[in-house]
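Participant: no sequence on this one, just coordinates:
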Ligand code: GLC
Ligand code: CA
């Protein structure tokens, strides 16, 4: 698609200067009153998204699914679940996006399927037959599972195949059996399916749990990291043999021929291997950066995590940017459907002000990489309100709650941990208006709306003098401004004022032009003085004023400024 490449930059891929937005379909907008968001709901909001500055839509799964893991358990890769609409709605979505110069990216969940998928049903019927080879089936050991690996959502990674003595392997819930990628027929099937969607007009994929495709086929026990003697399955991944052949097959047979955009859900890649996964020669176009989302991790369970610490968080972002360097293009997020809401998570309690939220927004969007927004982030949606453990819908939250209790935490402590981290925080319905159910549905929402919707909603934000969405619009417009593309899209990244305990700042520098932009934020309360004597021009400021005195910039509480720096950029203050 050469017409979409950056001006005069024939070598830049088409997606590099784009803005992506993730939709969690179940919670976006319900068009028919059944309480579940759907494709027609999304269709009716394309102008809203275009106006915000979005180019690429990533849809969390809409395939037929029993919804044990909210669609990440797929029973038919070629369909649309009736609760979301029809294949005609999907075609209309692709068409209407195209008409607006936008693209669709689907979720590709191929490390596992649903236990209701015909492949697994056939494997149950005849484990020794061809479909038995589609999964990992193994005999047990001493009357128990084949090894001590613990699944992501708790319990053993192995469950009895119904009607058989064999066990099948699952990284996530027991209803999500892992597909056996060693089997060339599985790989052929998946590549065929991926090409079917690409031929249909989908522009790429977000690759779910993609590192899990390759297993250590010895399936040996791992070091216990839980009182019950089990070992988190994720711990066994670094030792896993080469995954490259599988990923290269997808790239060669599907992604490259379609010039597709791909983003890998990849946690903790060794810095030395970044370019193998995400560089111009890498398996994927880009990789999500989750480093800063898990920087407070200090054990296998949520209750073991440390409280938020600004410098740890900031330095994790710096570290990822530095690891990626100028070769790997990251996808930067503050939120997604597995993470809490960013104002409730990355800002200390009570600091989720307009300034705090807009500072977070700019810090993330102007990093080197593709900005990914998550629905509702553009109006500053907050964590949900959960009174008791029964209020949680998400199976991983329930597991974490149980784990905290069995480790001796009180119910109140376990609740506090889950309130902070639950994936359900991001899954409450989108808040469109101050009316009934926040305008999300005319029926009963599948999941309760956050009670703060009367004040916090798209309509109220639009008429506010301190509109978060208004800030995002200006921010995304700046990121996409062709005048700044060499700096803000393709330019390099360098941390600034790293020694300052409450400053989050970085330089973006145009490689050929040498032009420089400073993103400078006081991430804290009160006033911060930063010595700065260069000429500059303010491109964005989340406060109405920027104080500059005696060679110092004086920043207020959570003030962020974006400054074009250097000779020729000065302006009178
Ligand atoms: C990914 C998804 C998550 C899902 C899991 C299993 O991490 O983002 O929502 O539960 O994979 O498919
Ligand atoms: Ca609906």
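Facilitator: Looks like it came in fine. Bear in mind that the values here come from a model prediction, so they are computed numbers and not experimental data. Numbers count the residues shown, from 1 in each chain. Ligands and ions are numbered 1, 2, ... in the order given.
Participant: what packs against the helix or strand of the chain with the lowest mean pLDDT?
Facilitator: The weakest-scoring helix or strand in the chain, judged by mean pLDDT, DSSP states H and E, is helix 274-278 (a mean of 91). When contacts are defined as 3 or more C-beta pairs under 8 Å, 6 or more residues apart in numbering; DSSP states H and E, helix 274-278 sits against strand 286-289, helix 310-324. For the C-beta atoms, the positions are set from N, CA and C on the backbone; glycine is no exception.
Participant: And for that helix, what's in contact with it?
Facilitator: Residues from elsewhere that reach helix 274-278, judged by C-beta atoms under 8 Å, 6 or more residues apart in numbering: 244, 264, 266, 269, 281-287, 323-325, 327-330.
Participant: Now the buried members of those.
Facilitator: By neighbour count, with 16 or more other C-beta atoms under 10 Å, the contacts of helix 274-278 hold 264, 266, 269, 282-287, 323-324, 328-330 as buried.
Participant: Just send these back as a markdown table, with distance to residue 152 and pLDDT too.
Facilitator: Shown next, in a markdown table, are the buried ones among the contacts of helix 274-278 (distance: C-beta to C-beta, whole Å; pLDDT from 0 to 100):
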| residue | distance to residue 152 | pLDDT |
| --- | --- | --- |
| 264 | 17 | 96 |
| 266 | 15 | 91 |
| 269 | 18 | 83 |
| 282 | 25 | 93 |
| 283 | 22 | 96 |
| 284 | 21 | 97 |
| 285 | 25 | 97 |
| 286 | 23 | 97 |
| 287 | 19 | 96 |
| 323 | 25 | 94 |
| 324 | 26 | 94 |
| 328 | 26 | 94 |
| 329 | 27 | 94 |
| 330 | 23 | 97 |
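Participant: Of the residues you listed, which is the nearest to ligand 2?
Facilitator: The nearest member of these to ligand 2, counting by C-beta to the ion, is residue 264 at 30.7 Å.
Participant: For that closest one, give me its contacts.
Facilitator: 207, 210-211, 277-278, 283-284, 286-288 are the contacts of residue 264 under C-beta under 8 Å, 6+ apart.
Participant: Point me to the residue of the chain nearest ligand 1.
Facilitator: At 3.4 Å from ligand 1, residue 72 is the closest residue in the chain, using C-beta to the nearest ligand atom.
Participant: Local confidence estimate at that residue?
Facilitator: Here the pLDDT value assigned to residue 72 is 98.
Participant: before we move on, what about residue 29?
Facilitator: 99.
Participant: Please confirm that it is located within a helix.
Facilitator: No: counting by DSSP: H, G, I helix; E, B strand; the rest coil, residue 29 falls outside a helix, being coil.
Participant: Quick check: nearest residue in space to it, chain neighbours excluded?
Facilitator: Distances taken as C-beta to C-beta, 6 or more residues apart in numbering place residue 41 nearest to residue 29, at 3.2 Å, with adjacent residues excluded.
Participant: The helix or strand hosting the one you found near ligand 2 at all?
Facilitator: Here residue 41 is covered by helix 39-43, with elements defined by DSSP states H and E. No: between helix 39-43 and ligand 2, judged by C-beta under 5 Å from the ion, nothing touches; the nearest distance is 6.7 Å.
Participant: Show the subsequent helix or strand relative to that helix.
Facilitator: Assigned by DSSP H and E, the successor of helix 39-43 is helix 46-52.
Participant: which strands and helices sit next to the helix or strand following that next one?
Facilitator: Later in the chain than helix 46-52, the nearest helix or strand by DSSP H and E is strand 56-59. If contacts are counted by 3+ C-beta pairs under 8 Å, 6+ apart, strand 56-59 sits against strand 20-23, strand 103-108.
Participant: any chance of those in CSV, plus mean pLDDT and distance to residue 435?
Facilitator: Output for the helices and strands packed on strand 56-59, formatted as CSV (pLDDT from 0 to 100; distance: least, C-beta to C-beta, whole Å):
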stretch, mean pLDDT, distance to residue 435
strand 20-23, 98, 21
strand 103-108, 98, 30
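Participant: Compare those strands and give me the one nearest residue 369.
Facilitator: strand 20-23 (10.5 Å; C-beta to C-beta).
Participant: Next, report how far that closest one is displaced from the centre of its chain.
Facilitator: Relative to its chain's centre, strand 20-23 lies at 9 Å (C-alpha atoms, centre = their mean, to the nearest Å).
Participant: Name every strand pairing with it and say which way it goes.
Facilitator: strand 56-59 (parallel), strand 370-374 (parallel) (DSSP bridges).
Participant: Pick the most deeply packed of those strands.
Facilitator: Ranked by mean neighbour count, those are led by strand 370-374 with a mean of 25 (mean count of other C-beta atoms under 10 Å).
Participant: Report whether that strand contacts ligand 1.
Facilitator: No: Strand 370-374 is not in contact with ligand 1 by C-beta under 6 Å from any ligand atom; minimum separation 11.6 Å.
Participant: so after that strand, what's the next helix or strand?
Facilitator: Sequence-wise, the next helix or strand downstream of strand 370-374 (DSSP H and E) is helix 395-406.
Participant: what's that next one packed up against?
Facilitator: For helix 395-406, the elements it packs on are helix 411-421, judged by 3+ C-beta pairs under 8 Å, 6+ apart.
Participant: any residues touching the helix it packs on, and which ones?
Facilitator: 302-303, 305, 340, 344-345, 383, 386, 388-389, 392, 397, 400-401, 404-405, 409, 425.
Participant: In this structure residue 447 contacts residue 425, no?
Facilitator: No: counting by C-beta atoms under 8 Å, residue 447 stays clear of residue 425, with 11.2 Å between them.
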